[in-house]
Every structure is written in C-alpha cells, then in structure tokens.
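J.: next input, structure requested:
(chains A and B)
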Amino acid sequence: MSREVIGMIFILIGIMFDFFGVLGLVRLPDVYNRLQAATKCVTFGSAGILFGVFIIQGFNNFGFKVLLGIVFIFLTSPVAAHAISRAAHRSKIPLTPKTVVDQYQEDNELKD
Amino acid sequence: MRLLRWFVGVLIIAAFLYGNFFIYSGVILYKLINVILFCALFILFRVIFGPSPADRIVAVDIMGILIVGLLALLGLAYDQSFFMDIGLIWALLSFIASLAFAKVLEGRYLDE
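T.: Residues are numbered from 1 along each chain as shown, chains lettered A, B, ... in the order given. As a prediction, the model looks like this:
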C-alpha cells in the first residue's frame, strides 16, 4: 500500500515537470531557449513517471521493461538535443535580440 | 495584445485544470493521462505555428519522449505490460528520426 503511494508521488512530480517543460516550449522566445527548457524538463519528467511505475510494479516483467525505458531515454535524449541545436546554429536560424553572448559563433570566426 | 495573449493562455489552462480535476469523475490515473494529452495539444500548437523548421523538429522530438511516459501510464491503467514494448521501440525510433531531421536541416544527406 505504501509502495503505491510513493509511486504515485513520483508520477505526480514527473507530470508536473512535463507540464512546465511544455509550457516553456510554448512561451520562450527562441529555438535554443525552447530546446533548453523542453528537452531537459520533459526528459526528467518522463523518467520520473517511469520510475514511479517501476516502484508500483516491483521486479516483474513490466518493471524491468520500465527500467530499460529509463536507460534508453537518458542515453538518447541529450544526444538528439545536441544534434538539433548544432544543426539549427549551422543553418543560421537567428537568435533572439536579447542574446548577450554567442561563443560558438566567436569560435567559428576565430577558425576562419 | 500581449496582455490579451496572457489572459487567453491562463484562461485555457485554468479551464482545463478545473474541468479535469473537479468536474470529470474518473479514476485518478485517467485524470493524469488527461494532463499528458493536454501537454501534447500544446506541442501540436508549436508544430503547426512554429516560425522556423527547427521549432517543429524540437516539438516532434519532445512529443516522442512524452509519449513514452503516456504509454507507461496506459500500461499501469490497463495492467498490461505490452504497452512498454511499444514505448521502448517508440523511444529508439524517435531518437533516430530526430538525428535524421537534424542532418536534413543542416543541409547534409544521410550517407555522408
């Protein structure tokens, strides 16, 4: 019984992270800001949901599949976010006018 | 105009939360699944109205991670473990799709 309560608390925390990450995806002004907010929050939120399901289910077949899902998400999501942000910067999608510093652009200018 | 957009957004979110948690009578797990579907609606807004192609790619990537959490909750609601099989395959395919979209956005092709 207490196991279900702890699992539901983890699921609630994960859903709150999902919701605020998606709110950042809608509200923020720039591609890079949106990617920063959404990818990190939604990755942690989905991992929280999966961990809550694992705590509720225990060590049966569903629980092990959920653990494997956490490993997949934590391995693949930052790689995809990094690839998308680098591709967006190389295809010259403009930054927001409030940007203070852009060190990747400065490094490319130094190389050329 | 800016204040009007703020007001409409807060009104939509407040109406959804009130209707989901106070009017709709169901199991608590179904209410949580409704919250995730509402987040997916925001992501579809960003896919349709995104100003640049990178916004749409970010939104599709986020959608793939969000659906893994949704499938875990569905498996918990129906007490079946095969939903998580779909979730694992969805996570890997979403990762590969994000890398392919990033390469196409950068201007290269898949075999370089």
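J.: drop to CA atoms for contacts and neighbour counts, all remaining ones
T.: Fine.
J.: quick one: is the helix or strand harbouring A:Arg34 near chain B?
T.: Taking DSSP states H and E as the criterion, the element that holds A:Arg34 is helix A:31-57. Yes - contact of helix A:31-57 with chain B (CA under 8 Å from any CA of the partner chain) involves A:31, A:34-35, A:38-39, A:42-43, A:46-47, A:49-50, A:53.
J.: can I get the worst-scoring helix or strand of chain A on mean pLDDT in PDB? Just the C-alpha atoms.
T.: Confidence across the helices and strands of chain A bottoms out at helix A:103-111, with a mean of 83, counting by mean pLDDT, DSSP states H and E. Taking C-alpha atoms only, helix A:103-111 is exported to PDB below (Å, rounded to 0.1, in the frame of the first residue of the first chain):
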ATOM      1  CA  GLN A 103      30.600  31.800 -28.100                       C
ATOM      2  CA  TYR A 104      30.100  29.100 -30.800                       C
ATOM      3  CA  GLN A 105      29.900  31.900 -33.400                       C
ATOM      4  CA  GLU A 106      33.000  33.500 -32.000                       C
ATOM      5  CA  ASP A 107      34.900  30.300 -32.200                       C
ATOM      6  CA  ASN A 108      33.900  29.800 -35.800                       C
ATOM      7  CA  GLU A 109      35.100  33.300 -36.600                       C
ATOM      8  CA  LEU A 110      38.400  32.600 -35.000                       C
ATOM      9  CA  LYS A 111      38.900  29.500 -37.000                       C
END
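J.: where does the chain have low pLDDT?
T.: The chain I'm using is chain A. For chain A, no stretch has pLDDT under 70.
J.: you answered for a different chain; I wanted chain B.
T.: B:110-112.
J.: what residues does it have near chain A?
T.: Counting by CA under 8 Å from any CA, the residues of chain B that sit close to chain A are B:32, B:35-36, B:39, B:42-43, B:46, B:52, B:54-55, B:57-59, B:61-62, B:65-66, B:68-69, B:72-73, B:76, B:81, B:84-85, B:87-88, B:91-92, B:95, B:98-99, B:101-103, B:105-107.
J.: of the residues you listed, grab the buried ones for ChimeraX.
T.: With 16 or more other CA atoms under 10 Å in any protein chain shown as the criterion, this ChimeraX line picks the buried residues out of those:
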select /B:32,35,36,39,42,43,46,54,55,57,58,59,61,62,65,66,68,69,72,73,76,81,84,85,87,88,91,92,95,98,99,101,102,103,105,106
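J.: got a list of contacts for the helix or strand hosting B:Arg46?
T.: Assigned by DSSP H and E, B:Arg46 belongs to helix B:28-49. With CA atoms under 8 Å, 6 or more residues apart in numbering or on different chains as the test, helix B:28-49 has contacts from A:15, A:18-19, A:22-23, A:25-26, B:20-21, B:55-57, B:59-60, B:62-63, B:66, B:70, B:73-74, B:77.
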